[in-house]
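[1] Got a sequence here, can you model it:
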Amino acid sequence: MRISLLQLDSSLDAPIADRIHRVAEAVRTQRGADLVVLPELWAHGAFAYQLWADAAEPIDGPTIGAIAEAARDLGTTVHAGSIIERAEDGRLYNTAVTLSSTGEVIGRYRKLHRFGFGQGEATALAAGSELVTVDLAGTTAGIATCYDLRFPELFRGLLDRGAELFVISSAWPDKRIRHWRLLAQARAVESQGYVLACNASGAHAGVRLGGGSLVADPWGDILVEAGTDPQTLTVEIDPSQVASTRKGFPVLADRRPPELFAPPA
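    So this is what the prediction gives:
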């Protein structure tokens with residue numbers, strides 16, 4: 001399986017329509033990829049909270065529409081990163097969307113963990129309530145977004161739903177980029193699955209983003225890693241290595257029942 005991670009400069013200097021067009025054209029260049037992955041909120045800005053209410057759009061709005069058309073033109077599955085979604089009830093979500101090679105929505109994940117500690121995303125957006133997996137040509141992929149990376153129980157839940165790899169779109173700040181790398185490797189090791197972690201570069205509302213997109217294998221070894229500038233990473237992975245790793249070092253078989261770790265009544 002050939003993977004392309006597009007580490008975009010997600011700065012908000014250009015009009016949103018121009019940014020969407022530029023990214024759709026970048027997707028179209030990824031000939032030969034089986035999966036293309038984009039960062040979190042590359043169109044709307046992960047830290048541009050004051051813009052979200054006006055910029056929010058439905059799933060079938062202009063951002064996902066443009067990337068869906070690019071996916072059809074390319075004939076490739078595209079994880080389109082996330083948008084600020086305005087739901088039918090008017091609430092806003094940070095929603096990641098996966099598109100098939102024909103441009104159909106095959107996965108919609110509303111971010112469970114909102115960053116901000118009572119500010120920004122934590123107050124402006126509603127929290128998602130469901131774990132999401134998608135089928136990638138017979139390989140089950142679990143979907144997560146940015147801050148979710150800090151919560152291993154989410155990845156355990158995805159693992160229990162059959163996930164063999166994890167697709168993570170992010171706008172992770174530069175000042176905490178060491179955590180990004182460490183946590184991505186930890187999620188790979190503990191789940192014995194691939195981690196495809198696509199971060200952004202540039203800046204949102206004065207917050208410098210750290211880049212460092214990477215792919216880690218089921219042993220946690222980093223197969224490919226970006227620097228801080230915009231970059232496209234392309235790597236071949238072998239999904240069968242997940243099963244062979246789990247069989248050869250069957251640590252997951254020693255997991256205890258979750259109820260054992262529940263807080264006392």
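[2] element containing the closest residue to P152 other than its chain neighbours?
    Leaving aside its sequence neighbours, P152 sits nearest to E190 (Cβ to Cβ, 6 or more residues apart in numbering; 6.5 Å). For glycine as for every other residue, the C-beta is placed from the backbone atoms N, C-alpha and C. In this structure, E190 is located in helix 177-191 according to DSSP states H and E.
[3] So what's the residue count around G75?
    12 (other Cβ atoms under 10 Å).
[4] so who does R161 touch?
    The contact partners of R161, by Cβ atoms under 8 Å, 6 or more residues apart in numbering, come to L131, T133, T140, G142.
[5] My guess is the third one contacts A163. True?
    Yes. In this structure, T140 is within contact of A163 by Cβ atoms under 8 Å, at 5.3 Å.
[6] Identify the contacts common to the two.
    Contacts common to T140 and A163, judged by Cβ under 8 Å, 6+ apart, are T133.
[7] mind checking the longest strand of the protein?
    Assignment by DSSP state E gives strand 77-86 as the longest strand of the chain.
[8] Can I get stretch 120-138 in CSV? Just the C-alpha atoms.
    Taking Å, rounded to 0.1, in the frame of the first residue of the first chain, the C-alpha atoms of stretch 120-138 are listed here in CSV:
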residue,chain,number,x,y,z
GLY,A,120,-11.0,27.9,21.8
GLU,A,121,-12.0,24.5,20.4
ALA,A,122,-13.2,23.3,23.8
THR,A,123,-15.9,25.9,23.9
ALA,A,124,-16.6,26.8,20.3
LEU,A,125,-17.2,23.2,19.1
ALA,A,126,-19.3,20.3,20.1
ALA,A,127,-17.6,17.0,20.9
GLY,A,128,-18.0,13.9,18.8
SER,A,129,-19.5,10.8,20.3
GLU,A,130,-18.4,7.9,18.1
LEU,A,131,-15.3,6.0,17.1
VAL,A,132,-14.8,5.6,13.4
THR,A,133,-13.1,3.0,11.2
VAL,A,134,-12.9,2.8,7.4
ASP,A,135,-12.0,-0.1,5.1
LEU,A,136,-9.0,0.6,2.9
ALA,A,137,-8.9,-2.3,0.4
GLY,A,138,-9.4,-4.9,3.1
